[in-house]
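In: dropping the sequence and predicted coords here.
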Amino acid sequence: MFPPELQPRSFRPYISTSVSAPSFNGVGGDAYPSPNSASSVYAAAGSSSSRSSTSRSLLKGSRFSPSTFAHNARIALALVPCAAFLLDLGGTPVLATLTLGLMIAYILDSLNFKPGSFFAVWFSLIAAQIAFFFSSSLLLSTFNSVSLGLLASFACALTNFLIGVWVSLQFKWIQIEYPTIVLALERLLFACVPILASSIFAWATVSAVGMVNAAYYLMAFNCVFYWIFSIPRVSSFKMKQEVSYHGGEVPDESLILGQLDSCLHTLNLLFFPLLFHIASHYSILFSSAASICDLFLLFFVPFLFQLYASTRGALRWLTKNDRQLHSIRLVNGAIALLVVVLCLEVRVVFHSFGRYIQVPPPFNYLLVTISMLGGAAAAGAYALGMVSDAFGSTVFTSLSVLVSAAGAIVVGFPVLFIPLPSVAGFYLARFFTKKSLSSYFAFVVLGSLMVTWFVMHNYWDLNIWMAGMSLKSFCKLIVGSVILAMAVPGLALLPPKLHVLMEACLVSHALLLCYVENRFFNYSNVYYYGMEDDVMYPSYMVMMTTFFGLALVRRLSVDNRIGPKAVWILTCLYCSKLAMLVMASKAVLWVSAVLLLAVSPPLLLYKDKSRTASKMKPWQAYAHGGVVALAVWFCRETIFEALQWWNGRPPSDGLLLGTCILLVGLACVPIVALHFSHAMSAKRCLLLVVATGVLFILMQPPIPMSWTYSSDIIKAARQSSDDISIYGFIASKPSWPAWLLIAAILLTLAAIASILPIKYIVELRTFYSIAVGIALGVYISAEYFLQTAMLHLLIVITMVCTSVFVVFTHFPSASSTKLLPWVFALLVALFPVTYLLEGQVRNNKSLLGDGGVGDLEVEDNKLATLLAVEGARTSLLGLYAAIFMLIALEIKFELASLLREKVTERGGLRHSQSGQNGTASVPPRLRFMQMRRASAVPTFTIKRMAAEGAWMPAVGNVATIMCFAICLILNVNLTGGSNRAIFFLAPILLLLNQDSDFVAGFGDKQRYFPVTVAISGYLVLTALYGIWEDVWHGNPGWSLEIGGHDWFFGVKNLALLILTFPSHILFNRFVWSYTRRNDSTPLLTIPLNIPSIIITDVLKVKILGLLGIIYSLAQYLISRQQHITGLKYI
């Protein structure tokens, strides 16, 4: 039976209103409209208003409730890996198409245009599917059959469609406007995803490991997704009042899937793997007994899983009678269990473990059947709760004893000691029936003896070396691991005071597992009887044991079986195993474990949510930080190997030291972020540590030999001669200046973070600015002007002046306002002196060195000198452009801060009285500190700025204009006068300020005027120069080809250039005044720019024409918006 929302309206039951019935917007109504109201709704369905009224009526009276889709995790578990697999098949075209479309959808969603974002997502998926069809070649290369290719393409398209359906459910407006469609989409997802996802997962697995066991992979994925989706689930869009339980069960109309969907899922679970195996192995179906057993296993194993899932409601569609379901489970489960056990004997036990069966036929078949079938029957009876009474307990105990004895005889246990496994089985059955811990520990002791005998009987005398150790040592580890694993369930039932025993057992077992897997994964060789072979420990085994261990730890932690310290150690040990999959190193597992143990305590050990204050004390934070530093130092060799693996060559000492410092800083982030987020000093120190590591990685300064510690591994890696044989001898440049740059940056960060109190101590501020200037000056001189020693002094003085100006402009002192203009004047004067002196010094050196040299060598030296002078002067221009930019930015920031301070000062006068009253409540000691700090802070108020700081706007304007001019010169020298550069350089003029000397009448309203004027003026002047250059050099373009004259070319392009002037003039006037004039005036100038775009031969004239059209449209739109805003205000 379908849910009522998906039935025809005429067949929906009528539900009367009640007090508890939910209503939308507080309005009561029927749960379902009557047929008459339904007919009226259908009659009015032709108009948009009737559609919205229908949606409102559905929201008002139905059980639909717009909300967030609650099953996103289940859908993501199935569709996200499928999408990743399809992206891998499609390649770059599909990824690029999807990325572009999703970016457009994101932009539309950020603009709050929800329908546009919805359609953008769907168009992106359609375009990606088209790109996938043309790029994946499923029909041609992947499959040999056209029918298989078509089927695979249909599966990929359906997966793409289901992803779109899933995304559609995330839009709330669709839920409100189309509630019935949303319910149908949710049902469609749950009906199609398990069938399709299991097929895609099996396809991906077969692509990786082969086709031999493909049907079993499909069966496993079918079972997983059947459990996730086919177990009855409540719809996300049902109101909570309607999802109430009636008589202990959920009403059918609140479930997502109906009877037909559940029936189809059951048929898919039971028959699809079997039919797939028949279709892919039809030629060998009856070739052997194992092949026949495959057929039975592929049907009866899912059948057994289906019967177990029926305990969670999976057969709800068949019947709701609990007695009928119990009888179905009992009878069919017994038959299925018998078939599965017999098939497993043939397919697995005798096929793979026949060498360990010590009983001759036919007794071996009999005893194996008794042990396996009896064990399966006992387990099934206990799972169904059939051992609760005395008779069931007796039968269960008898089966356990019989199975234990039969199994011991099968593996060759001495007949004299057969009572030993029988007693063990008895104690195990007594533990399950009586919950006796003593019985379980007796079973552990006896089971350990049997395991020890089995290992020694079969493997102890073999002369085999595995993973770098003898088989005897490996047997000891296996026996110890099995004993620890058997002891854990019993220790988990001990009182809480004795849980430390289980924690020690779990940690010991995890250490043994890590050791064994590390040996097998990194020492993958086997030596036996003079022969040697490679055995690869599979990566999926490492992942499987890791995830199983983490799941076990989480379960025990949720049940309060283990404490936080054990969770911390076990989590770190299990997670450290994943490092083996990333880097091939024999010590990477233990190094990762040490690092995780050092880093994770702030995350795992201090979880007291009831306390709002810091959960870690300062001394604990210092201790954890020291432990982190020691752990990183202990792991330096593995870090060296990781850097060598990443770079392909041994890293330098600076890179290794920087990586260690960065790791220490990043490892301390949880301490500061989670426990000391209120301590600014901790954040500042952490910032300095991380910055130091990053700077060491980027700069890689030379490390003195006394600071380095080179172990044997590091020395062996650096003594290799491969680098010299491959790359040869490389002339190294001096790297010691990197220390100066690192020191300057760290000093600047310390000052910004207030670690250095330069804000309150003038003398320290002076020394700081001079030290930073000297460090930067020496670094620039040694790094970029090494051959011109005479200029080093001028560059150092320039950087010192810059540092002093910037620092004292930001933190002025009593006399700095009088001295800073002279510092800036010295800086401006040093610019031409340094620029001209650089070339003069090089020319003099070249002339002095030309004595006794041939003419050809003289010319070569002159050319090299000329190129060196041009390069050095270009570097000097870039340096001074950066300096003037920094000064302009600093002055702009200070002026904005002063204006904000002026506004605050005006508002603060009104609250002065309240502030005085509030000061009385401050403690005397804190009040004294405030007064002392206030006296140390430089007083640079608005009045003093008007009296002594009036030079700041003028200096800022001079710095801005010089920076802009130098950048234009660099544009000409480096790019030959690029047309695009002006659009990036003109915004520099936004740093201009209003002053009384240079830019009078310039205010905040006209801040964009210099930018637009500079762009227009630059393009006009360069266009005129281009026209004159073409005419003067006789290169008029196409006019000569048709017989024109040079002057015709010039006059034509000049006239077209003049046609672009009106748009630019009008827009620049508008940007200066923002005065609204006739709206049609800018539009009338647009046609004047069209001939300039079409006819002209000069590219800059075309750019001016396009820019004129843009200016005119922008002016029209801004004027219209101003007019509309004014009307709204009126």
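Out: Yep, that arrived.
In: rest of the way, CA atoms for contacts and neighbours
Out: Fine.
In: care to break this protein down by domain?
Out: Per the record, the chain has its domains at 67-177, 210-239+253-356, 359-461, 463-605, 796-846+867-904+941-1004, 1008-1129, by the TED database.
In: tabulate those (CSV), appending mean neighbour count, mean pLDDT and distance to residue 744.
Out: Conversion of those to CSV gives the following (neighbours: other Cα atoms under 10 Å; pLDDT from 0 to 100; distance: least, Cα to Cα, whole Å):
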stretch, mean neighbour count, mean pLDDT, distance to residue 744
domain 67-177, 17, 84, 41
domain 210-239+253-356, 18, 85, 58
domain 359-461, 18, 84, 67
domain 463-605, 17, 82, 31
domain 796-846+867-904+941-1004, 17, 79, 11
domain 1008-1129, 17, 77, 34
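In: so which of those is nearest residue 773?
Out: Using Cα to Cα as the measure, domain 796-846+867-904+941-1004 is the one of those that comes nearest residue 773, at 3.9 Å.
In: residue 649: which of the domains of the chain is closest?
Out: For the domains of the chain, distance to residue 649 was read as Cα to Cα. The smallest value, 15.3 Å, belongs to domain 463-605.
In: gap between the helix or strand residue 1072 falls within and the chain center?
Out: Assigned by DSSP states H and E, residue 1072 falls within helix 1061-1073. Averaging C-alpha coordinates over helix 1061-1073 and over its chain gives two centres that are 47 Å apart (Cα atoms, centre = their mean, to the nearest Å).
In: run through who's touching the helix or strand just after it.
Out: Using DSSP H and E, the next helix or strand after helix 1061-1073 towards the C-terminus is helix 1080-1084. The set of residues that contact helix 1080-1084 without belonging to it, under Cα atoms under 8 Å, 6 or more residues apart in numbering, is 1063, 1066, 1112, 1113, 1115, 1116.
In: please save the CA atoms from helix 1080-1084 in CSV.
Out: What follows is helix 1080-1084, C-alpha atoms only, in CSV (Å, rounded to 0.1, in the frame of the first residue of the first chain):
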residue,chain,number,x,y,z
SER,A,1080,19.6,60.2,-22.0
THR,A,1081,22.8,62.1,-22.4
PRO,A,1082,25.2,59.2,-21.6
LEU,A,1083,23.1,56.9,-23.9
LEU,A,1084,23.4,59.4,-26.8
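In: how far off centre is it?
Out: 50 Å.
In: equivalent analysis for stretch 621-637, please.
Out: With Cα atoms, centre = their mean as the basis, the distance from the averaged C-alpha position of stretch 621-637 to the chain average is 27 Å.
In: in that stretch, what counts as buried?
Out: Buried residues in stretch 621-637, defined by neighbour count with 16 or more other Cα atoms under 10 Å: 621, 624, 625, 627, 628, 629, 630, 631, 632, 635, 636, 637.
In: helices - which of the residues you listed land there?
Out: Cross-referencing the buried residues of stretch 621-637 against helices under DSSP state H gives 621, 624, 625, 627, 628, 629, 630, 631, 632, 636, 637.
In: surely residue 813 and residue 763 touch.
Out: No. No contact is recorded between residue 813 and residue 763 when judged using Cα atoms under 8 Å, the distance being 10.2 Å.
In: may I see the domains of the chain organised as JSON lines, with distance to residue 700 added?
Out: Shown next, in JSON lines, are the domains of the chain (distance: least, Cα to Cα, whole Å):
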{"stretch": "domain 67-177", "distance to residue 700": "36"}
{"stretch": "domain 210-239+253-356", "distance to residue 700": "48"}
{"stretch": "domain 359-461", "distance to residue 700": "54"}
{"stretch": "domain 463-605", "distance to residue 700": "24"}
{"stretch": "domain 796-846+867-904+941-1004", "distance to residue 700": "23"}
{"stretch": "domain 1008-1129", "distance to residue 700": "41"}
